[in-house]
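Enquirer: my questions are about this predicted structure, shown below with the sequence.
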Amino acid sequence: MNLRSMTIICLATAGCSTESGPSLCDAGKAHHGQFALIPEGKFVATKPNNATRDASRQSIDVSAFEMQVHEVTNAQFSLFVSQTQYETDVERGIRENNPNAGSALFVMPASNDSGRTFEANPSAGWKLAPKATWRSPAGPGTDLKGRDYYPVIHVSLNDARAYAEWAGARLPSELEWEYVATLGLFDASDDRSGAYKADGTPIANTWQGVFPIMNTVEDGFEGLAPVGCFEPNRLGLFDMLGNVWEWTETPAADNFHIVKGGSFLCANNFCRRYRPAARERQESDFSTNHIGFRLVKDTAPISGAAF
């Protein structure tokens, strides 16, 4: 993995959080591991174009399938690892003393920088943290204590696929993901209504304020949130927008795949990818602390063109 060659999406800080209320976040525990049936329907979707982040539209018929109601959690991934002794791409690289092994973290600008370095070079704040893994999400000296219901992070596409195969499921295509996120919008005429109310109140885990120098934490979280801390969408799924980007099976180019949904670091002044149609491509062997995934199961095939 070459940090310089990665596609920069919303930038990642260490995943600290401020709980917005335990009763609210209990929803993730109550629905842990559950799937929702996604109804069939006709979908006006973005037509893939790897040169753009939002593309032209096309009408596609989609058959019913199931999607996990939340992002795969540390508790779920821990069970997988305990039963299979699986090593993630990062862990394997560390064991083999690969000098490029590691996962990406973002270092906030110095207090006297005011974001100038970041504005000049958005990749300047990234560092490859050799010992940042899914077990130590903020780097050396951190662990998963109290984080069972947080999304698993620092996982590559390969890692997500391995978990999905073990779980008897698979990763969604970009079409499936976008279909669910669009159907789940609270206001079909407003593609930001899955992340913000009309008055600007946040209803998903994104960055409020000026990225990367000020986070007003209006959504209750400075960093990553446990699954289920925000109201589910109209289909009963949590965190389709914000919190972490999610891997899809849709290729973008050689060794690149599409990620969807934005993350807790998407802000109005940078990224703004908390919309169903927004897309980014990411190296398939890349991992960071704001990319995770969720699963789907087949109940019927998708008809028509697939992403």
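Expert: Arrived safely, thanks for sending.

Enquirer: what's the following helix or strand after the helix or strand bottoming out on mean pLDDT in the chain?
Expert: Considering only helices and strands, the least confidently modelled element of the chain by mean pLDDT, DSSP states H and E is helix 116-120, at a mean of 66. Proceeding N to C from helix 116-120, the next assigned helix or strand is strand 126-129, under DSSP states H and E.

Enquirer: count the residues that sit near the spatially closest residue to F35 that is not a sequence neighbour.
Expert: Computed as Cβ to Cβ, 6 or more residues apart in numbering, the closest residue to F35 that is not its neighbour in sequence is E66, at 4.3 Å. For glycine as for every other residue, the C-beta is placed from the backbone atoms N, C-alpha and C. The local packing of E66 (other Cβ atoms under 10 Å) involves 16 other residues.

Enquirer: could you do P276 as well?
Expert: One way to gauge burial is a neighbour count; for P276, by other Cβ under 10 Å, it gives 23.

Enquirer: one more: I60?
Expert: One way to gauge burial is a neighbour count; for I60, by other Cβ under 10 Å, it gives 20.

Enquirer: how about it, phi and psi?
Expert: Note on I60: its backbone torsions stand at phi -140, psi 140 [degrees, to the nearest 10].

Enquirer: wait, it sits on L175?
Expert: Yes: with contact taken as Cβ atoms under 8 Å, I60 and L175 are classed as touching, separated by 6.6 Å.

Enquirer: quick one on the thing from earlier: and the residue nearest to F35, that one's in a strand?
Expert: Yes: assigned with DSSP: H, G, I helix; E, B strand; the rest coil, E66 falls within a strand.

Enquirer: report the contact partners of it.
Expert: Contacts were defined as Cβ atoms under 8 Å, 6 or more residues apart in numbering; by that measure E66 touches 35-38, 296-299.

Enquirer: now for those, which pair is the farthest apart?
Expert: Using Cβ to Cβ, the pair of these lying farthest apart is A36 and D298, separated by 14.3 Å.

Enquirer: neighbour count: the two, which is higher?
Expert: The residue with more neighbours, out of A36 and D298 and counting by other Cβ under 10 Å, is A36; that gives 20 against 12.

Enquirer: if you count residues, where's the longest strand of this structure?
Expert: Of all segments of type strand in the chain, defined using DSSP state E, the longest is strand 245-253.

Enquirer: ok, the closest residue to P140 other than its chain neighbours - contacts?
Expert: Spatial nearest neighbour of P140, excluding adjacent residues (Cβ to Cβ, 6+ apart): K131 at 4.5 Å. Applying Cβ under 8 Å, 6+ apart to K131 gives the contacts 94, 102, 139-140.

Enquirer: want to throw those into TSV with neighbour count, distance to T182 and pLDDT?
Expert: Output for those, formatted as TSV (neighbours: other Cβ atoms under 10 Å; distance: Cβ to Cβ, whole Å; pLDDT from 0 to 100):
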residue	neighbour count	distance to T182	pLDDT
I94	18	39	93
G102	22	35	88
G139	18	36	88
P140	10	40	87
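
Enquirer: distance to S193 and secondary structure for these - can I get that in JSON lines?
Expert: Formatted as JSON lines, the entries for the contacts of K131 read as follows, by distance: Cβ to Cβ, whole Å; DSSP: H, G, I helix; E, B strand; the rest coil:
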{"residue": "I94", "distance to S193": "42", "secondary structure": "helix"}
{"residue": "G102", "distance to S193": "37", "secondary structure": "coil"}
{"residue": "G139", "distance to S193": "35", "secondary structure": "coil"}
{"residue": "P140", "distance to S193": "40", "secondary structure": "coil"}
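
Enquirer: out of these, who's nearest F264?
Expert: Distances from F264 to those, taken by Cβ to Cβ, are shortest for G139, at 17.2 Å.
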